[in-house]
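> prediction below, plus the sequence it came from.
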Amino acid sequence: MVEMDPERAERMLNRFRRLMLELERGSIVRNSFEPWEVDVLTDIVHWSAKGHHRKDALRQYRRVVEKQIESGLPPVRLSVFLAEREQARELRAQQRTTRLP
């Protein structure tokens, strides 16, 4: 992946934090979005998690994306993050069941 220049990364980080805050509040107050923001919103609309599972996953996603952007990398899509998170969970479960006593 190509790293972003620091100014662009700072703008993207600010936009990401604003988007996440708007999502937490349950009210999107703007009418213009960057393409990557539309991707995040689209993934959220198609995501079936509810309640504390959704809130916990969004908190984890926020931390991961903030670290990526601070490192100069573009944000991972929410759908990719969720798929990787589920794969890691399945792998841990599989490792627990295959351990010898």
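Arrived safely.
> which ones are touching the spatially most central residue of the chain?
The residue lying closest to the centre of the chain (C-alpha atoms, centre = their mean) is Tyr61, at 3.4 Å. Taking C-beta atoms under 8 Å, 6 or more residues apart in numbering, we find Tyr61 in contact with 78, 81-82. (Glycine included, C-beta is placed from N, CA and C.)
> which positions in the helix or strand harbouring it come out as buried?
Element membership for Tyr61, per DSSP states H and E: helix 51-70. Residues 57-58, 61-62, 65, 68-69 are the ones in helix 51-70 that count as buried (16 or more other C-beta atoms under 10 Å).
> save the residues you listed as CSV, and put in distance to Leu41 too.
Formatted as CSV, the buried residues of helix 51-70 follow (distance: C-beta to C-beta, whole Å):
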residue, distance to Leu41
Ala57, 15
Leu58, 12
Tyr61, 13
Arg62, 14
Val65, 14
Gln68, 18
Ile69, 17
